[in-house]
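K.L.:
give me the fold of what follows.
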Amino acid sequence: MFSTIDLFAFGVTLTFVIASHVLADCPPEAGVLRLYKELGCKPIKTDANKCPTAYSCSPHIQSTAKTCTVKGKTYKSGEKILAAKGSCVAECRCTEAWPNMDRASIVCAHIDCPEFLGEPIMDGCVRQYSLDECCSVGVKCSALPLEDAKAQNTSTVAPSPAPTVPSAAPFMCNVSGVQYPEGSVFYPDSPACTHCICNKDYTGSNTGPYCREISCDVELHYGSDLQEGCTPVYFGDDGCCPIQFRCPSIEDTVVKSTKDNVKKIEGKEGQCTFGNLTLSIGDKLSTAEYEECVSCTCEIPPYVSCTKLPNC
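P.N.:
As a prediction, this is how the structure comes out:
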C-alpha cells in the first residue's frame, strides 16, 4: 500500500512532468514573444497550463515634441534615460523634436570597447567578462613555457592594457560540445536569447548567476517605431532583438490563410492589428516590393510576427 506521503510525492512528480511536457511544446521566447515580455504584455491562455495564444498589451503612451516615454515613464527633454545593466549603451537622453517633427527622440551614446576595434591579445590569454559590463574587465593568461614567454615579450604588437592575471591551464565550460575558457562569453541554444560567462562553478545549467537574458531595450531604441504602429522584424524564427521594423503602408493588404489546421480564436484576442488592417491567426501581410525577403504572419496576437528569411 502507498502511504499518504508517497501518493503526494507521486502527484507532485506527475504534475511536474506533465507541466514540463506542456511547456516544452511551447515556442521559445524569441521574436515577437521577446517583445511582449519587454513591453510587460500579459499572456492570454485558452486552457489551463497551455501555451499563451495571445497577449494583452497596454496602449503605447505617445511621446510629445518635448517628452519621451519609455516603459510607461515620461522623460522631459534633456533628461537621462537608463539602459539595461551590462548593455553597451553609455548614456541616453530625451532630445526635443526637430522642426516639423511631432515627437521628441532618444539619442544614445554607445560604448566602443578596445576588442571591438580589433585590439590584439597575446597567445594563451583570454579576455575576462562580466554580465554587468559591456567591455572585458581583464585578461587571464595561462602559464607559458619560458621560450614562448620570451617570444611574446619580443613581439612588436602592444599587449592589451587590461590587467593580466597569470594562471595554470584555464577551466573550460563544455556547452553542447563546444569548449569555452573561463571568463569568456557564450550564447547557449537554450534558453533562447541568453548570454553567459564561463565560470568554474558552471554545471551545465544556463541560468543565474552566470547567465542572463539579453535585453533588447526595444522601447529605448525603437520607441518611435512602436508608437507609429510598426512591428519588429527578426532574423529567422529564433531572433532575439529586432534587426529592422516593418511600418504600415497604404499598399498593404491581408492575404487570407487557406490552411485548415490553423487554430482560430474568436474575438479580438484572436486578431493581429497592423495599421488599419486586422488579421486573423494564420493570415499574412502582403509582401512589400522593397521588402521581398520579409514575411509577416499573424501567429500570436496582437503584433504581426515578421521574420527576415535567412536564405533570401
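K.L.:
residues in contact with the most centrally placed residue in the chain?
P.N.:
What sits nearest the mean C-alpha location of the chain, by C-alpha atoms, centre = their mean, is Cys240, with 3.6 Å. For Cys240, the contact set (C-beta atoms under 8 Å, 6 or more residues apart in numbering) comprises Ala30, Arg34, Ala192, Cys193, Ile214, Cys216, Tyr234. Backbone N, C-alpha and C define where each C-beta goes, glycine included.
K.L.:
does the second one touch Pro191 like I think?
P.N.:
No: in this structure, Arg34 is not within contact of Pro191 by C-beta atoms under 8 Å, at 11.2 Å.
K.L.:
please say which of those two ends up with more neighbours.
P.N.:
Arg34 (24 against 13; other C-beta atoms under 10 Å).
K.L.:
what is the mean pLDDT for whichever strand or helix holds the more buried one?
P.N.:
Using DSSP states H and E, Arg34 maps to helix 32-39. Throughout helix 32-39, pLDDT has a mean value of 92.
K.L.:
parallel or antiparallel, which strands does the following helix or strand past that helix pair with?
P.N.:
Using DSSP H and E, the helix or strand that directly follows helix 32-39 along the chain is strand 42-44. Sheet pairing of strand 42-44 (DSSP bridges) gives strand 54-56 (antiparallel).
K.L.:
so which elements touch the next helix-or-strand element following the strand it pairs with?
P.N.:
With elements assigned by DSSP H and E, the helix or strand that comes after strand 54-56 is strand 67-70. With contacts taken as 3 or more C-beta pairs under 8 Å, 6 or more residues apart in numbering; DSSP states H and E, strand 67-70 sits against strand 73-76, strand 105-110, helix 218-227.
K.L.:
now the strands for the stretch 201-312 of the chain?
P.N.:
Taking DSSP state E, counting those that start in this stretch to define them, one finds strands in the stretch 201-312 of the chain at 211-213, 231-235, 244-246, 254-255, 271-274, 277-280, 284-285, 294-297, 305-308.
K.L.:
want to throw these into a markdown table with mean pLDDT and distance to Glu96?
P.N.:
Output for the strands of the stretch 201-312 of the chain, formatted as a markdown table (pLDDT from 0 to 100; distance: least, C-beta to C-beta, whole Å):
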| stretch | mean pLDDT | distance to Glu96 |
| --- | --- | --- |
| strand 211-213 | 93 | 33 |
| strand 231-235 | 94 | 26 |
| strand 244-246 | 94 | 23 |
| strand 254-255 | 95 | 38 |
| strand 271-274 | 95 | 30 |
| strand 277-280 | 95 | 33 |
| strand 284-285 | 95 | 34 |
| strand 294-297 | 94 | 33 |
| strand 305-308 | 94 | 31 |
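K.L.:
make CSV out of the ones you listed and add mean neighbour count.
P.N.:
As requested, those are arranged in CSV below (neighbours: other C-beta atoms under 10 Å):
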stretch, mean neighbour count
strand 211-213, 18
strand 231-235, 22
strand 244-246, 18
strand 254-255, 15
strand 271-274, 21
strand 277-280, 18
strand 284-285, 21
strand 294-297, 20
strand 305-308, 21
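K.L.:
dump these to CSV, plus distance to Cys113.
P.N.:
Below are the strands of the stretch 201-312 of the chain laid out as CSV (distance: least, C-beta to C-beta, whole Å):
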stretch, distance to Cys113
strand 211-213, 18
strand 231-235, 23
strand 244-246, 25
strand 254-255, 44
strand 271-274, 38
strand 277-280, 42
strand 284-285, 38
strand 294-297, 31
strand 305-308, 27
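K.L.:
distance check, Leu226 against Gly124.
P.N.:
Remark: distance between Leu226 and Gly124 (C-beta to C-beta, to the nearest Å) = 47 Å.
K.L.:
cool, Ala192 as well?
P.N.:
Ala192 is 33 Å from Gly124, by C-beta to C-beta.
K.L.:
how long is stretch 87-101 from one end to the other?
P.N.:
29 Å (C-alpha to C-alpha, to the nearest Å).
K.L.:
tell me which residues of it come out buried.
P.N.:
For stretch 87-101, burial by neighbour count (16 or more other C-beta atoms under 10 Å) applies to Ser87, Val89, Cys92, Arg93, Cys94, Glu96, Ala97.
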